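*Asks:* Build me a structure from this.
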Amino acid sequence: MAKTTKKLATKDLLRKVAVNGVKPNGKPKKDRPTLSGHETEVDKLVSMKKEMEDLKRKYEQLEESVIEAVKDVYDDVRKAGNYQTAIFAEGQHTNGAMFIFPDRFCNIDAELEDELRNLDNDYDKHFVEVRELKLKKDAGKTVSDATIDMLRAKLGDELFVQIFDIKVHIGAQKGLAERWDELPDEVKEMVRQVKASLRNVTDDGKVV
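*Replies:* I've put the predicted structure just below:
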């Protein structure tokens, strides 16, 4: 019975694939509108797409490895009290690259506020509550806390939550990247800085 069930399942699967416009051998059904006469270009396009996907994957892996090494220099400079947002990486056959570390951090779940406060005695110096308000049916631009408070006061909480979606998260205070070493080690494990960006360096030393 187990073998019969497996055969039926396979047959059903092939039938569903055919219904969706593709035969079991991977080619579209004959009644599907088809372009002919451009097979060479199509083959080249499919191959190039695969090559681009492979190159993108290899680039991302290499970028991650280099940024990790650059970040060690970034951290050492910061610990030495000479904070820099840009770290230059030398190249052998190129002008090298400049890596820019932004003073921006990934959003932190608002539910972690109590835990962060318990770990960080200077929580309010390092973090801030961020509220985002959008129309439920038509996502609009985010508005300020003052606008949110004004709308809640005029509409009342019950009507307010019926009309708007409000999202709350914890954000980093400006300058946290420079003050990073003020954070307890446990807090550092909970906070992630936005990835550094790579900039090219021209022959005349300009960063572009």
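
*Asks:* pLDDT on the top helix by length along the chain, on average?
*Replies:* The single longest helix within the chain, with elements called by DSSP state H, is helix 39-79. Model confidence over helix 39-79, given as mean pLDDT, is 97.

*Asks:* Adjacent strands (with direction) for the following helix or strand past that helix?
*Replies:* The helix or strand immediately downstream of helix 39-79 is strand 86-89, counting by DSSP states H and E. Strand pairing for strand 86-89, using DSSP bridges, gives strand 97-100 (antiparallel).

*Asks:* which residues are contacting the helix or strand following the strand it pairs with?
*Replies:* Using DSSP H and E, the next helix or strand after strand 97-100 towards the C-terminus is strand 108-109. Here strand 108-109 makes contact (CB atoms under 8 Å, 6 or more residues apart in numbering) with Leu116, Phe127, His169, Ile170, Gly171, Met190, Val191. Just so you know, the C-beta spots here come from the backbone N, C-alpha and C atoms, and that holds for glycine as well.

*Asks:* Over to stretch 68-83?
*Replies:* Against stretch 68-83 from outside (CB under 8 Å, 6+ apart): Gln84, Ile87, Ala89, Phe99, Phe101, Ala177, Glu178, Trp180, Asp181, Ala196.

*Asks:* Could you pick out the buried ones from the residues you listed?
*Replies:* Ile87, Phe99, Phe101, Ala177, Trp180, Ala196 (16 or more other CB atoms under 10 Å).

*Asks:* from these, which is closest to Leu112?
*Replies:* Trp180 (18.0 Å; CB to CB).

*Asks:* could you measure Thr94 against Ala196, distance?
*Replies:* Distance of Thr94 to Ala196, given as CB to CB, to the nearest Å: 18 Å.

*Asks:* If you could redo that for Phe105, that was the one I meant.
*Replies:* 13 Å.

*Asks:* Quick one: low-confidence residue ranges for this protein.
*Replies:* Scanning the chain for pLDDT under 70 picks out the ranges 1-30, 135-143.

*Asks:* any idea how far Val66 is from Tyr83?
*Replies:* 21 Å.

*Asks:* what about Glu189, how many neighbours?
*Replies:* 10 (other CB atoms under 10 Å).

*Asks:* residues contacting it?
*Replies:* Glu189 neighbours (CB under 8 Å, 6+ apart): none.

*Asks:* give me phi/psi at it?
*Replies:* phi -70, psi -20 (degrees, to the nearest 10).

*Asks:* again, but for the one 3 residues further on
*Replies:* The phi/psi pair for Arg192 (degrees, to the nearest 10) reads phi -130, psi 120.

*Asks:* can you pull the contacts of it?
*Replies:* Arg192 touches Phe105, Cys106, counting by CB under 8 Å, 6+ apart.

*Asks:* With that, I have no additional questions.
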